[in-house]
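1. Here's my sequence, what's the structure:
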Amino acid sequence: MSEITRLKQVLRLTEDMSAAVNAGKWSDVSTLTKLRADLMESIFPLDSHVDQSEARPLIEQIVTLNQNVEQRCRDARQTIQTELGQFNKNKKVAAAYQSN
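-> As a prediction, the model looks like this:
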């Protein structure tokens, strides 16, 4: 399988990761991340014979999508941390109320 074909697979996996993030399917994101990492390890560094004019746009798309996925993951993490903080606060209030 050519490296360009594998780069296209990485792009598809990254698109699938983006869709999984949108759907909140975090276990899918984790699985896809592992698959993509394994595939990327088999590609990089690119051989010198790879057509850079074909590889560059694919890599740029992958990077852009990945940055977007990372940002949405950070946002989701922050939301979860905020919700967890509120939950813990409510738990303490309930415990204090029950002890009185």
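2. how distant is stretch 82-90 from the center of its chain?
-> 25 Å (Cα atoms, centre = their mean, to the nearest Å).
3. Show the average pLDDT along whichever strand or helix holds residue 61.
-> Using DSSP states H and E, residue 61 falls within helix 52-99. For helix 52-99, mean pLDDT is 92.
4. Just name whatever secondary elements it is in contact with.
-> Taking 3 or more Cβ pairs under 8 Å, 6 or more residues apart in numbering; DSSP states H and E as contact, the helices and strands that helix 52-99 lies on are helix 3-23. The C-beta positions use only the backbone N, C-alpha and C, and glycine is treated the same way.
5. List the buried residues of the helix it packs on.
-> For helix 3-23, burial by neighbour count (16 or more other Cβ atoms under 10 Å) applies to 3, 6-7, 9-11, 13-14, 16-18, 20-21.
6. cool, stretch 55-67 as well?
-> For stretch 55-67, using 16+ other Cβ under 10 Å, the buried residues are 58, 59, 61, 62, 65, 66.
7. Same question for stretch 30-38.
-> Under 16+ other Cβ under 10 Å, the buried positions of stretch 30-38 are 32, 33, 36.
8. Nearest to residue 79 among these?
-> Comparing the buried residues of stretch 30-38 against residue 79 with Cβ to Cβ places residue 33 closest, at 19.7 Å.
9. The closest one and residue 93, how far apart?
-> Applying Cβ to Cβ, to the nearest Å, the value for residue 33 to residue 93 is 38 Å.
10. Could you find the closest non-adjacent residue to residue 73?
-> Nearest residue to residue 73, sequence neighbours excluded (Cβ to Cβ, 6 or more residues apart in numbering): residue 21, at 6.4 Å.
11. ugh, typo on my part, it should be residue 36
-> Nearest to residue 36 is residue 13, by Cβ to Cβ, 6+ apart, at 4.2 Å.
12. what's near enough to touch the one you found?
-> Counting by Cβ atoms under 8 Å, 6 or more residues apart in numbering, residue 13 makes contact with 32, 35, 36, 39.
13. Cheers, nothing more for now.
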